[in-house]
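Asks: turn this into a model:
(chains A and B)
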Amino acid sequence: MNPAPERAAMTESSLTVAVIDPSQARAAILEEGLRAAGIGRIVVLPDTADLQERVSALKPDVVVIHLESPSRDILEQMSGVSRHAGRPVAMFVDRSDTTMMEAAVDAGISAYVVDGLRPERIKSIIDIAILRFNAFARLQRELSEARGELADRKLIERAKGILMNLKGLSEDEAYRQLRRKAMNEKRKIADIARAIVTTADLLG
Amino acid sequence: MRLQIGYVPLCDAAPVILAQELGYAREEGLDLDLSAEPSWATLRDRLALGHLDGAHMLAPLALASALGLSGPPSDLAIGLPLSLNGNAITLSNALSAAVAGEDGFGADWRGVARAFARVATARRQAGKPVTLGIVHPFSCHTYQVRLFAQAGGLDPAALRTVVVPPQHGVEALSRGLVDGFCAGAPWNEVAMAAGVGRVVALGAEIAPDAPEKVFAVSGRIGEAGVPLVRAVARAGLWCADPDHRDELVHRLGRRAHRDRELGLVARAFEGKGVDGTGRALGHLHLGEAAQARAPERLDWLLREMRAAGQIDADPAQEAAARALYRPFA
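Replies: Next up is the predicted model:
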């Protein structure tokens, strides 16, 4: 007789989570992560002027909103700063758990929850969001590095071609000259290549 | 020393931006990395958690953050008051027409407030309360909307207030999501230029010389706060000199508002009358008038925060608030 896990699963499936993110791709990645974790209903809301109406209509248990969203201040109001007015949504900041808060903010997350939701249930959602957002940031970084490398390689190819034409060098020799110049000047080969290409463009 | 400084792109962020651009920070041995923050909440959190070392901030929000009433625990201090006034209440075309009635707006804002109260009371009785936008709960905008209602004899609770990020202001007004909003420069000018609303009252009329924005400094940077505040204060004086207005508008336009709004930014500083009542829009004060050590402005803030139910009458809390105010002065 051990009904606890089943009951836990049932409660997760009863949660409604709203996701607000200026980046649609990132919102989709979080949505998928929350679905995989068994969250019952995940709704991605557009970051538009009518957000307040949409959130009020949806009545989510948790709102996960990216720090870049200008709509965060809307949630601040809805979460109610007036302690005399019993508002339905309370801001999530478990003040005792600063490590988690910092991890969340580093990953770009803020969240608002319905008052009374158990902290451990919020924590699992935040953990998923941290993982997903960090993975997204890593992917973006890798993508931009890959783009940068590709651009550098193209630049070096062009610079080699210019040297080969101008000085009648072989491809290997042209590359060696580029590398030597870079080492002597303590710069990257791509920087030397860019200088050559720019000069050639100007003079050609 | 390299410092991270946040601001929200508004006219009153000028001293913070100019402290770096005019080289005043560098003369103090500081290099400021300026970042435009997407919302007040994010600026507050990043300052509290140490991602920012200093920030242009709504005065009540700085107090709320330091007193543990808003966002993560923080150890900020109010290094310098930056600005006074600059806010205005803009109403939609439909509501401002209803408020103006057949006689139009008079020269006295209190008359406008009374007319507004009559319309708002009728709307409430009809089950459609007037909805006004503010920028954040902890803002002078919140208190100015409350005081505007009260001046007309209306209980502020009869209004519905929602947050409208200023960049959504025009859309929110034109789609009827709100009936008006209270915002800082240049957003009232932007709404009027877009033809979606009309300024009916100025923050400076409702609550003269309300302490609008402050420069908040993180306790983490310790004594570096002193030269940092000195650089920002010097930039504030520069900004207040009318001879510098063109350059100020140009630099601010580039940093905070893109060039399409340059004319509107300029208008905010000139305080030209554009609301058709003969009353001047603007009254945004930077520099000496704003930066003076004026504890009565802090008292005003605490009083309004209490009236709005944001803090209790608690002498210990008020003493804590006083200790946060201008520790480097």
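
Asks: tell me the SS of A:I42?
Replies: What DSSP: H, G, I helix; E, B strand; the rest coil gives for A:I42 is strand.

Asks: who is it paired with across the strands?
Replies: A:V17 (DSSP bridges).

Asks: can you name the residues that contact it?
Replies: For A:I42, the contact set (CB atoms under 8 Å, 6 or more residues apart in numbering or on different chains) comprises A:T16, A:V17, A:A18, A:V19, A:E31, A:L34, A:R35. C-beta: built from backbone N, CA, C; applies to glycine.

Asks: cool, B:L52 as well?
Replies: Contacts for B:L52 (CB under 8 Å, 6+ apart) come out as B:Q4, B:I5, B:G6, B:S35, B:L43, B:R46, B:S218.

Asks: equivalent analysis for A:R132, please.
Replies: Going by CB under 8 Å, 6+ apart, A:R132 touches A:R26, A:I29, A:L30, A:G33.

Asks: what do you get for B:A117?
Replies: By CB under 8 Å, 6+ apart, the contact list for B:A117 reads B:A149, B:G152, B:G153, B:L154.

Asks: surely the last one is in a strand?
Replies: No - inclusion of B:L154 in a strand is not indicated when three-state DSSP is applied; the result is coil.

Asks: give me the neighbour count for the closest residue to B:R230 other than its chain neighbours.
Replies: The shortest distance from B:R230 to any residue other than its chain neighbours is 6.1 Å, reached at B:E28 (CB to CB, 6 or more residues apart in numbering or on different chains). The tally of other residues near B:E28 (other CB atoms under 10 Å in any protein chain shown) stands at 20.

Asks: quick one: contacts for B:E28?
Replies: Shown in contact with B:E28 (CB under 8 Å, 6+ apart): B:P227, B:L228, B:R230, B:A231.

Asks: cool, B:A194 as well?
Replies: Listed by CB under 8 Å, 6+ apart, the contact partners of B:A194 are B:V170, B:S174.

Asks: returning to that earlier point: widest-spaced pair of the contacts of B:L52?
Replies: With CB to CB as the measure, no two of the contacts of B:L52 lie farther apart than B:S35 and B:S218, at 14.1 Å.

Asks: of the contacts of A:I42, which is the most crowded?
Replies: Neighbour counts for those, by other CB under 10 Å, peak at A:V17, which reaches 27 neighbours.

Asks: quickly find the element holding the closest residue in space to B:E37 that isn't next to it in sequence.
Replies: Once flanking residues are discounted, B:E37 sits nearest to B:L43: 3.9 Å by CB to CB, 6+ apart. Assessed by DSSP states H and E, B:L43 sits inside helix B:40-48.

Asks: name the surrounding residues that touch that helix.
Replies: A:67-68, A:72-73, A:75-76, A:105, A:110, B:6-8, B:37, B:52, B:54-55, B:57-58, B:61, B:65, B:70-74, B:76, B:135-136, B:139, B:216, B:218.

Asks: tell me what angle the following helix or strand past it forms with helix B:40-48.
Replies: Sequence-wise, the next helix or strand downstream of helix B:40-48 (DSSP H and E) is strand B:54-58. Taking axes from the mean of the first three to the mean of the last three CA atoms, to 10 degrees, strand B:54-58 and helix B:40-48 form an angle of 150 degrees between their directions.

Asks: show me the domain layout of chain A.
Replies: Split into domains by automatic domain parsing, chain A comes to A:4-141, A:143-203.
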